[in-house]
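Colleague: okay, here's the prediction I keep looking at, along with the sequence it came from:
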Amino acid sequence: MYEILVWAGAAVSVAGLVGLMWSVVRVMQAKRQKLDDDALRAVVQKVLPYNLGALFLSVIGLMLVMLGLTLG
């Protein structure tokens, strides 16, 4: 049973990592477009909630992995 918890946590953590990479790529694309300061700030503000959500997912996933390893 705890093995399932470890694998589920790993999957959640990978999903969070993919979200973090997406947010980094999105901001890098905006920087490459040579946007002015206000437009770049708008892009970053739009991506920030996704970045924080992805970070939360990766932390929760790692916590599930640690819980599964500790209890198992």
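Modeller: Now that the structure is in, tell me what you want to look at.
Colleague: which element is the residue nearest the centre of the chain on?
Modeller: Geometric centre of the chain, nearest residue: residue 54, 2.6 Å, by Cα atoms, centre = their mean. Per DSSP states H and E, residue 54 falls inside helix 37-71.
Colleague: hang on, the earlier thing: how much space separates the residue nearest to the centre of the chain from residue 30?
Modeller: Distance from residue 54 to residue 30, counting by Cβ to Cβ, to the nearest Å: 17 Å. Backbone N, C-alpha and C define where each C-beta goes, glycine included.
Colleague: what's near enough to touch the residue nearest to the centre of the chain?
Modeller: 15-20, 22-23 (Cβ atoms under 8 Å, 6 or more residues apart in numbering).
Colleague: again, but for residue 64
Modeller: Contacts of residue 64 by Cβ under 8 Å, 6+ apart are 5-6, 8-9, 12-13.
Colleague: cool, residue 16 as well?
Modeller: 54-61.
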